[in-house]
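S.K.: here is my input; please provide its structure:
(one chain, ligands or ions: 1)
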Amino acid sequence: MAIKGMIALVLVAVFAAIGAVVFSLDSMAASRDESNAPAAVEPAAAHDHNVALPLASFAGTVPENADELAKAHDASDATLPPLQSGDLVRVQMTLKDMAVQIAPGVTYNTWAFDGHGAPGPVVHVREGQTVEMTLTNGGAIPHSIDFHAARIAPNVAFKDVDPGESFTFRFKANDAGVFMYHCGTKPVLAHIANGMYGAIVVSPAKALPKADREYVLVASEWYLNGDGIDEPASLDMAKARATAPDWTTFNGYANQYVTHPLTADPGETVRFWVVAAGPTLDTNFHVVGTIFDRAWVNGDLTQFQRGVQTVAVPAGGGAVFDVKIDEPGLYPFVSHAFAHVDLGQVGLLKVGKVDGSMSH
Ligand SMILES: [Cu+2]
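M.R.: All right, here's what the predicted structure looks like:
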């Protein structure tokens, strides 16, 4: 017990020395006083929870030619895909283990739902259509797919699919909105953190007000066990548990719409369908230089709010936003939790013919 206590004191001294004090000696003393348990046991247990911190960060670590690589990056097309006709919409995804770029020159070993990286493809259906989902597991371990748009027994439909196997299930998309889908195989934190997520848009049977452009943004964060520059990084589970991301992204790649802005013409209404995939972080969606004309908070398409500046999209949730911008310019869209802008969750909406770029 004495040795454990000494180790704990040394660790506290180390934390203090590097400026990462988890708790002070005073608060330790206070917690001892408040504890009814034998003093030597409880504080040691509390220390054990903290000895894994601090964690190495690779935030913002990119190769020297990052600007060049960012320009050369083929930005993920954020355009909402068209609807399909008919009562039944077949969706086929073949999961693949693959390394993809998540920031300029930074590669990560993902588990990719459809074999081209994260997020998976946007599924777009109309309210009342039936989705027939076939998941083929081309990876090394079991995976599954959980649609938040479905009302269905999850133990049946969202079951694990073994490597080399396929599984098909159907659900009727009776609830309009924008929903997350993700792998629900344990540990879910690891499967989502490795890129197993995407968005399904269920357009309402009764049309929303007209929009001229519609974009889908899936927000997520990445936890790296290395910088990903010379060799692909993999998941650092301790960082995922501590919510200490290295990168945060819209559509899987840091700052991609800063270099390759989304576009609109002056006076057009632009609609953003936003999902916060997490695995853990919310996204505080905001467009700099304007105010939401309509915000369907929490993806509830039966009512919208007007004149709203920022809306929290919870991890595992979605929301829809309309902006009508008359004045040409570069309008950043961000998670206004600015630590996440710093890590890459920012893009630009370029309205009209504007030269140059900006970061926010
Ligand atoms: Cu999975």
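S.K.: now do the contacts for residue 269.
M.R.: 209, 210, 211, 212, 213, 293, 322, 323, 324 (CB atoms under 8 Å, 6 or more residues apart in numbering). (C-beta placed from N, C-alpha, C; glycine too.)
S.K.: and for the fourth one, the neighbour number?
M.R.: Which is residue 212. Neighbour count for residue 212, taken as other CB atoms under 10 Å: 12.
S.K.: looking at it, it is touching residue 268, isn't it?
M.R.: Yes. Checked against CB atoms under 8 Å, the pair residue 212 and residue 268 is within contact range at 3.8 Å.
S.K.: coming back round to it: drop anything exposed from the contacts of residue 269.
M.R.: Burial of the contacts of residue 269 was assessed by neighbour count (16 or more other CB atoms under 10 Å); the buried members are 211, 213, 293, 322, 323, 324.
S.K.: and the residue nearest to the second one when sequence neighbours are not counted, bridged to which residues?
M.R.: So the one you mean is residue 213. Counting by CB to CB, 6 or more residues apart in numbering, residue 270 is the residue found nearest to residue 213 once chain neighbours are left out, at 4.8 Å. Residue 270 has these beta-bridge partners by DSSP bridges: residue 213, residue 323.
S.K.: would you check that residue 270 makes contact with residue 322?
M.R.: Yes. Counting by CB under 8 Å, residue 270 touches residue 322, with 7.1 Å between them.
S.K.: correct me, but residue 334 touches residue 288?
M.R.: Yes. Assessed by CB under 8 Å, residue 334 is found in contact with residue 288 at 6.7 Å.
S.K.: neighbour count: those two, which is higher?
M.R.: A direct count of neighbours by other CB under 10 Å for residue 334 and residue 288 places residue 334 higher, at 21 against 16.
S.K.: run the chain-centre distance for whichever helix or strand the more buried one is part of.
M.R.: Secondary structure assignment for residue 334, by DSSP states H and E: strand 329-335. Offset of strand 329-335 from its chain centre (CA atoms, centre = their mean, to the nearest Å): 18 Å.
S.K.: mean confidence score for whichever helix or strand comes after that strand?
M.R.: Where DSSP H and E defines the elements, the next helix or strand beyond strand 329-335 is helix 338-342. On average, the pLDDT along helix 338-342 is 95.
S.K.: contacts for helix 338-342, please.
M.R.: 59, 60, 221, 245, 248, 281, 283, 334, 335, 360.
S.K.: you'd agree the second one is in a strand?
M.R.: No. According to DSSP: H, G, I helix; E, B strand; the rest coil, residue 60 belongs to no strand; its state is coil.
S.K.: how much space between it and residue 248?
M.R.: Distance from residue 60 to residue 248, counting by CB to CB, to the nearest Å: 11 Å.
S.K.: kindly report the residues of this structure close to the ion.
M.R.: For the chain, the contact set with the ion under CB under 5 Å from the ion comprises 143, 183, 185, 191, 196.
S.K.: which two among those are spaced furthest apart?
M.R.: Farthest apart among these by CB to CB are 185 and 196. That separation is 8.3 Å.
S.K.: what sits in contact with each of these two?
M.R.: With CB under 8 Å, 6+ apart as the test, residue 185 and residue 196 both reach residue 143.
S.K.: higher neighbour count, these two?
M.R.: More neighbours surround residue 196 than the other of residue 185 and residue 196, with 29 against 20 (other CB under 10 Å).
S.K.: quick one: the residue lying closest to residue 280 once chain neighbours are set aside and residue 236, what's the gap?
M.R.: Closest residue to residue 280 apart from its sequence neighbours, by CB to CB, 6+ apart: residue 243 at 5.0 Å. To residue 236, residue 243 is 12 Å away according to CB to CB.
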